[in-house]
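> next input, structure requested:
(2 chains)
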Protein chains: 2
Amino acid sequence: MGAAPLSPRVVEQLTAIVGADKFSTDPADLQTFGRDWTRAFPPAPSAIVFPRSIEQVQALVRLANAEGLALVPSGGRTGLSGGAVATRGELIVAFDYLNKILDFDPIDRSVTCQAGVITEQLQQFAEQQGLYYPVDFASSGSSQIGGNIATNAGGIKVIRYGMTRDWVAGLKVVTGSGEILELNRGLLKNNAGYDLRQLFIGGEGTLGFIVEATMRLARPPVELTALVLGVDRFAQIMDVLNAFQAKMDLTAFEFFSEKALVKVVEHSGLQRPFETAANYYALLEFENINDDTEAQALALFEHCVEQGWVLDGVMSQSVEQLQNLWRLREDISETLSRWTPYKNDIATIISKVPPFIDEVDALVQREYPEFEIVWFGHIGDGNVHLNILKPDALSVPDFHHRCHRVSQWVFEIVQRYGGSVSAEHGVGLLKKDYLRYGRSAEEIALMKQIKRVFDPNGVMNPGKIFD
Amino acid sequence: MGAAPLSPRVVEQLTAIVGADKFSTDPADLQTFGRDWTRAFPPAPSAIVFPRSIEQVQALVRLANAEGLALVPSGGRTGLSGGAVATRGELIVAFDYLNKILDFDPIDRSVTCQAGVITEQLQQFAEQQGLYYPVDFASSGSSQIGGNIATNAGGIKVIRYGMTRDWVAGLKVVTGSGEILELNRGLLKNNAGYDLRQLFIGGEGTLGFIVEATMRLARPPVELTALVLGVDRFAQIMDVLNAFQAKMDLTAFEFFSEKALVKVVEHSGLQRPFETAANYYALLEFENINDDTEAQALALFEHCVEQGWVLDGVMSQSVEQLQNLWRLREDISETLSRWTPYKNDIATIISKVPPFIDEVDALVQREYPEFEIVWFGHIGDGNVHLNILKPDALSVPDFHHRCHRVSQWVFEIVQRYGGSVSAEHGVGLLKKDYLRYGRSAEEIALMKQIKRVFDPNGVMNPGKIFD
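Prediction:
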């Protein structure tokens, strides 16, 4: 299916706005910019524009309103829910040339970025200032700040530092009506009316496009130490979490299954953390804030062994060991990509995680006896990634068809547990049919009305989150 | 001006919903429940109802829609912006009987409260569980959780723990249409659609009433130590802040002027922190996380003295001294109440605070040569309270009239600095004429449209925040 071509008049107006060299209908570009990491949606944009100023973004939105164009924002396209894909002839607004760090203040500990700044660029900039941008995840080398905010990106340090939402001190957005809003302007405290900034965070570009953001930075962590602990039963991971959290402030608490470990070790050539094979592994990390911290961690480890929760464990003794232990967790996604996995990004409150996982696991074991199931995730946040691996013999469409059928039952469990159908990946196209398992009909109706307030003509990323 | 009486038919329906013993038109009750701590707005409610269940709140909202009643939510009525006052015959919905703690989970570290739970009750409950509810302020003995959330209350620990917003894991609300929404249900991670919870936080009851909240709790701080430091010029407070924040995680950084100190010492009988009289004082607090912490704080103190920023200082050596140093700051509001002060609760980004304060101070010194001006506030958050004391000879209306005139110029400075016209007190009635100095016309228009989405008939706290 080809994309609907733009009329010559519209093309003329678009090139007048961004310049002819920042407008593309090159088929390779359309392929690249029309899709994200989901790979499930065939890209079919009509064209791509690369604005270089806020005024250009505003002009594009006004033109979209006048001409009835549908706009899709494009950042690093590392999304996992099809939030930034263009499958129906949309015009793509790519933020690649709005990629400057505009301002930094060491006293405010804040940095103002254009939307197209790469996450890693911000992380490195912060480091150069002796500070720290703590939101981190596997795609930080390509994802852009605007996209991070639009999807409220999470990652591997949420237990300590929260989500992207917690680091947004100010936003400049262009709404669907083409208005420029400057929301919160970097203030730490501002109780003057509704906090509209919060709607754009996690709004997936459906209300307006983020063009600039003021991000807070943190004090860098002092020396970090990681522990990897092997446990027999899933519930014991939670016992370990509770034991550690009662005494220490953790910077991370992740988990993965033996199956994930076997595949990562095979793929990466890394060593296993220890000889003992356990069903599950917890990776936890803490700041070595004083001489007692390591001793305390060791005492907690021993306590967990005595309680019969932990079979074996290892603690990093150097930065290199720390990094190697982290790779056991962080390389999972890349390792699994070879099996084009069907991902579920689900969450519940932490105390309900063990029975929740048990139910979901029993369901998928029963329904997918021939599929490999790999569990891993941010268990300290109650967020687990259920990955179903595609057997080589099965076609992608057939595989997805099988997975969709069971997804509904997975989400029924999520609903029963009051959980989230998308803990950190957003809704996009991939999850919108399942939104009702995590949000009530009243909530969805209100969201649609809010969409109309900001985007009355429905030009901003239409069809994402809901129809 | 008396309140418009309710028709017998409406009274009958109200008493049918809440019971005759939970309906009052007693004149003393109307006086008490119709006002907040501002004292600027003569109370004139038509009646008060005390619902005892969410279903009763829902029935009241539905009745309000059917009969065209205006509802005002009433919590602890400790507000400082007239957000919960009833001046035009509104029906007051008081949450005093929805005051139970419903659920607690040590693993989730969360507690579910009805809206009428007193802040201090939650703080004490947390303490009994070995945990900590960190949002704290002078009115915590009377303010209710529902009101804290509706005004996104801040207080004295924001620099470390954030505002009330940061502790709300879930909300149950009744919207202006009478729908019950369960928002976020305690989840740590949930990127499934717009985070509507954020609109009700700081929404001042204009979109719906909060009936239940799931609040997160924190690990309690270890031993706390406070320093009070005297400085000559305001800008030096910021130098001290920057020096300490570069090395330590502070739990508080407050300030007050010599005039504030003199009045508190006189009123409370407390000792001055040290002999030296300085123009301004910084109160900072930190957790004694290890043996080096105090030494580090002392070294920073010495550095500040060497730099010529600090004239004198004192560090608490016991819990009693810690508490006495805190009282120098915390007793200011109560001490000043005898002068019925005109309060401004303004903020800017931290790096701009010194020139901002200089401009505002020059303005008020010029315009109020005969008034006493007392500065104090949460300077670590960029938030200062400008208090203008009423001379005994002047009547309250005359005094307010004089203050209103200058307020506009104060807010023009706030606007020029991109600041907030209400950093933590909310807008209510008191600040709504000034909202435009902190929010654009487009933002205010959007807020009004959002109000209509949740409250189409305008029954929820009408006339607050905006007309």
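> not counting its neighbours along the chain, what's nearest the residue of the stretch 101-250 of chain A found nearest chain B?
Of all residues in the stretch 101-250 of chain A, A:Gln198 sits closest to chain B, at 3.4 Å by C-beta to the nearest C-beta. Heads up, the C-betas are built off the backbone N, CA and C, glycines and all. Leaving aside its chain neighbours, A:Gln198 sits nearest to B:Gln198 (3.4 Å; criterion: C-beta to C-beta, 6 or more residues apart in numbering or on different chains).
> so that neighbour sits in a helix?
Yes. The assignment for B:Gln198 is a helix, going by DSSP: H, G, I helix; E, B strand; the rest coil.
> mind listing what it touches?
For B:Gln198, the contacting residues are A:Asp195, A:Gln198, A:Leu199, B:Arg165, by C-beta atoms under 8 Å, 6 or more residues apart in numbering or on different chains.
> report the two of the residues you listed separated the most.
The most widely separated members of the contacts of B:Gln198, counting by C-beta to C-beta, are A:Leu199 and B:Arg165 (13.8 Å).
> residues near the residue lying closest to A:Gly34 once chain neighbours are set aside, how many?
The spatially closest residue to A:Gly34, leaving aside those adjacent along the chain, is A:Pro43, at 2.5 Å (C-beta to C-beta, 6+ apart). Neighbourhood size, A:Pro43 [other C-beta atoms under 10 Å in any protein chain shown]: 19.
> could you look up the SS state of A:Pro43?
coil.
> verify the stated contact: A:Phe95 with A:Gln114.
Yes. The criterion here is C-beta atoms under 8 Å, and A:Phe95 meets it with A:Gln114 at 7.4 Å.
> overlap in contacts, the two.
Listed as contacting both A:Phe95 and A:Gln114 by C-beta under 8 Å, 6+ apart are A:Gly146, A:Val211.
> show me what contacts A:Glu442?
A:Glu442 is in contact with B:Thr175, B:Glu179, B:Leu181, counting by C-beta under 8 Å, 6+ apart.
> which one (most neighbours) among those residues?
B:Thr175 (22 neighbours).
> and that residue, bridged to which residues?
As for beta bridges, B:Thr175 partners with B:Gly208 under DSSP bridges.
> A strand includes A:Gln123, no?
No. Counting by three-state DSSP, A:Gln123 is not found in a strand; it is helix.
> am I right that it is in contact with A:Ser140?
Yes. Assessed by C-beta under 8 Å, A:Gln123 is found in contact with A:Ser140 at 6.5 Å.
> shared neighbours, those two?
Taking C-beta under 8 Å, 6+ apart as the contact rule, A:Gln123 and A:Ser140 have no neighbour in common.
> what strand or helix carries the nearest residue to A:Ala347 once chain neighbours are set aside?
Closest residue to A:Ala347 apart from its sequence neighbours, by C-beta to C-beta, 6+ apart: A:Ala423 at 3.6 Å. Here A:Ala423, judged by DSSP states H and E, is contained in no helix and no strand.
> next, A:Ala423: phi, psi?
Torsion angles at A:Ala423 (phi, psi; degrees, to the nearest 10) stand at phi -70, psi -40.
> look up how far B:Arg109 lies from it.
Distance, A:Ala423 to B:Arg109, by C-beta to C-beta, to the nearest Å: 18 Å.
> okay, those two: which has more neighbours?
A side-by-side neighbour count of A:Ala423 and B:Arg109, using other C-beta under 10 Å, places A:Ala423 first with 30 against 22.
> got the CA coordinates for the helix or strand hosting A:His401 in PDB?
Per DSSP H and E, A:His401 falls inside helix A:396-416. The C-alpha coordinates for helix A:396-416 follow below in PDB (Å, rounded to 0.1, in the frame of the first residue of the first chain):
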ATOM      1  CA  VAL A 396       6.000 -13.000  11.600                       C
ATOM      2  CA  PRO A 397       2.300 -12.500  10.700                       C
ATOM      3  CA  ASP A 398       1.300 -16.000  11.900                       C
ATOM      4  CA  PHE A 399       3.300 -15.500  15.100                       C
ATOM      5  CA  HIS A 400       1.800 -12.100  15.800                       C
ATOM      6  CA  HIS A 401      -1.700 -13.500  15.100                       C
ATOM      7  CA  ARG A 402      -1.100 -16.300  17.700                       C
ATOM      8  CA  CYS A 403       0.300 -13.700  20.200                       C
ATOM      9  CA  HIS A 404      -2.500 -11.200  19.800                       C
ATOM     10  CA  ARG A 405      -5.100 -13.900  20.700                       C
ATOM     11  CA  VAL A 406      -3.400 -14.600  24.000                       C
ATOM     12  CA  SER A 407      -2.600 -11.000  24.700                       C
ATOM     13  CA  GLN A 408      -6.200 -10.300  25.500                       C
ATOM     14  CA  TRP A 409      -6.100 -12.900  28.200                       C
ATOM     15  CA  VAL A 410      -2.800 -11.500  29.600                       C
ATOM     16  CA  PHE A 411      -4.500  -8.100  29.800                       C
ATOM     17  CA  GLU A 412      -7.500  -9.600  31.500                       C
ATOM     18  CA  ILE A 413      -5.200 -10.700  34.200                       C
ATOM     19  CA  VAL A 414      -3.600  -7.200  34.200                       C
ATOM     20  CA  GLN A 415      -7.000  -5.700  34.600                       C
ATOM     21  CA  ARG A 416      -8.000  -8.000  37.500                       C
END
